[in-house]
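Trainee: need coordinates for the below:
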Amino acid sequence: MKNTYGNSVSITIAGESHGEGICVILDGIKAGVRIDEDFIKSQLSLRRPQGKESTQRSEADNFRLISGVFNGYSTGTSICILIENTSQHSKDYSATRFKARPGHADYTAHIKYKGYEDYRGGGHFSGRITSGIVAAGAIAISMLRDHGIEIATHIKRCGKTYDRDFGDFTKDFAKLQNTNFPVLDDGAESAMRAEIIEAKMNLDSIGGILETAVTGIPTGLGEPWFDSVESRISHMMFSVPGIKGIEFGAGFSFADMHGSEANDAFCVENGRVQTVTNNNGGINGGIANGMPILFRCAVKPTPSIAKEQKTIDMQTMENTEIQIVGRHDPSIVHRAAVVVNSATALCILDMMAERFGNEF
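Mentor: Residues are numbered from 1 along each chain as shown. Down below sits the predicted model:
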């Protein structure tokens, strides 16, 4: 199993949902970077469950910097972060040990790892592992900010409720900072929360769409073909549990346009080349064109629902039913936003280090 992403700056993850804890190793960070532990803590808090819209499993997400940091600064060696698990209810999974939960990786993991997988809470396939991505991503976000690169994600859609589009990036980014339910329209938040609660009351779950913007990316970042900006971001996004689709700029709406509508006309404003529209999401030919990078990710409904579902018994190879018990999110859309921000930051940081060197 490969658990490492990145070339110049890489991240390696380890751990299971109900194991001792989550470990993440961040490699390729230059010496002398200030490591803000308070910011790491605040980012982890955005991923934690909040209120009735989330699971009742509440981990403190206390972390320890095991290596690579001394006196508050990176040493240039591998940064290892450990986050302990403290709120496991492993007995919730013993009765359904061999029943493959629909929508989960139980069956594929059982086949791939020949029955030796840790089945509790999804094991290594659990969203719990994203705490490591968020911890490492906090370091990446801070480093990118030092170079004028900002990242923000909002819930574009949850269930049937839509949020407005990005407008003034400076104001919108400020609004989305340090919120555990990131929306741009306050009215959309209350409607989304109501839909999540309704799904929970119906023993069900709902999905949604996250929209992410990245500003300050230098023109020329990225490669054509196999290492395009879209390719690299997509690779990372599909490593986030629950992400099942991605589109950049106008995305699938291009199918409804003519070329005259889809093309982004160029202009010069205050001595800087820009495009009048941003249908291509800040990317031409796989390379950043200087406009904000804009993409949207589809987040599937949480597969763990309390309704009875049809499945199989992997031990007896018979058809059966399953009713999942335990503590589960009726929607993960709001909790996934900070994960997408963090994953995006790690991806962009890796590309920046490739282009400008690890000392950039």
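Trainee: ok now the host helix or strand of residue 170, how far from the chain's centre?
Mentor: Taking DSSP states H and E as the definition, residue 170 sits inside helix 169-176. Counting by C-alpha atoms, centre = their mean, to the nearest Å, helix 169-176 is centred 19 Å from the centre of its parent chain.
Trainee: residues contacting it, please?
Mentor: Helix 169-176 is contacted from outside by 150, 152-154, 166, 182, 184, 213, 215, 292, using C-beta atoms under 8 Å, 6 or more residues apart in numbering. Yep, even glycine has a C-beta here, placed from its N, CA and C like the rest.
Trainee: flag every buried residue along the helix or strand just after it.
Mentor: Counting by DSSP H and E, the next helix or strand C-terminal to helix 169-176 is helix 186-201. Using 16 or more other C-beta atoms under 10 Å as the test for burial, helix 186-201 gives 188-189, 191-193, 195-196, 199-200.
Trainee: poorly predicted segments of the protein, please.
Mentor: Along the chain, segments meeting pLDDT under 70 span 1, 51-59, 87-93, 326-327.
Trainee: and the helices in it?
Mentor: Taking DSSP state H, the helices of the chain run over residues 37-47, 106-112, 130-145, 169-176, 186-201, 229-237, 259-262, 333-356.
Trainee: want to throw the ones you listed into a markdown table with distance to residue 68?
Mentor: Shown next, in a markdown table, are those (distance: least, C-beta to C-beta, whole Å):
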| stretch | distance to residue 68 |
| --- | --- |
| helix 37-47 | 13 |
| helix 106-112 | 31 |
| helix 130-145 | 10 |
| helix 169-176 | 29 |
| helix 186-201 | 38 |
| helix 229-237 | 22 |
| helix 259-262 | 46 |
| helix 333-356 | 15 |
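Trainee: out of those helices, the one nearest residue 122 is which?
Mentor: helix 106-112 (7.6 Å; C-beta to C-beta).
Trainee: can I get that closest one in PDB? Just the C-alpha atoms.
Mentor: Written as PDB, here are the backbone C-alpha positions of helix 106-112 (Å, rounded to 0.1, in the frame of the first residue of the first chain):
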ATOM      1  CA  ASP A 106     -15.000  -3.000   3.500                       C
ATOM      2  CA  TYR A 107     -15.300  -5.400   0.600                       C
ATOM      3  CA  THR A 108     -12.500  -4.100  -1.500                       C
ATOM      4  CA  ALA A 109     -10.100  -3.900   1.500                       C
ATOM      5  CA  HIS A 110     -11.100  -7.500   2.500                       C
ATOM      6  CA  ILE A 111     -10.100  -8.700  -0.900                       C
ATOM      7  CA  LYS A 112      -6.900  -6.700  -1.300                       C
END
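Trainee: against which helices or strands is that helix packed?
Mentor: Under the contact criterion of 3 or more C-beta pairs under 8 Å, 6 or more residues apart in numbering; DSSP states H and E, helix 106-112 touches no helix or strand at all.
Trainee: for the closest residue to residue 287 other than its chain neighbours, give me its contacts.
Mentor: Spatial nearest neighbour of residue 287, chain neighbours left out: residue 222 (4.3 Å); criterion: C-beta to C-beta, 6 or more residues apart in numbering. Residue 222 is in contact with 228-229, 232, 283, 286-288, 351, counting by C-beta under 8 Å, 6+ apart.
Trainee: can you put those residues in JSON lines and add neighbour count and distance to residue 318?
Mentor: Listed next are the contacts of residue 222 as JSON lines, based on neighbours: other C-beta atoms under 10 Å; distance: C-beta to C-beta, whole Å:
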{"residue": "228", "neighbour count": "18", "distance to residue 318": "47"}
{"residue": "229", "neighbour count": "27", "distance to residue 318": "48"}
{"residue": "232", "neighbour count": "23", "distance to residue 318": "44"}
{"residue": "283", "neighbour count": "23", "distance to residue 318": "50"}
{"residue": "286", "neighbour count": "16", "distance to residue 318": "49"}
{"residue": "287", "neighbour count": "15", "distance to residue 318": "54"}
{"residue": "288", "neighbour count": "22", "distance to residue 318": "53"}
{"residue": "351", "neighbour count": "23", "distance to residue 318": "49"}
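Trainee: what is the nearest of those residues to residue 138?
Mentor: For the contacts of residue 222, the residue nearest residue 138 by C-beta to C-beta is residue 351; the value is 18.4 Å.
Trainee: quick check: the closest one vs residue 126, distance?
Mentor: Distance, residue 351 to residue 126, by C-beta to C-beta, to the nearest Å: 28 Å.
Trainee: again, but for residue 302
Mentor: Distance of residue 302 to residue 126, given as C-beta to C-beta: 12 Å.
Trainee: now stretch 204-221, how far from the centre of its chain.
Mentor: Chain-centre distance of stretch 204-221: 10 Å, with C-alpha atoms, centre = their mean.
Trainee: switch to numbering from 49
Mentor: Sounds good: first residue 49 from here, last item stretch 252-269.
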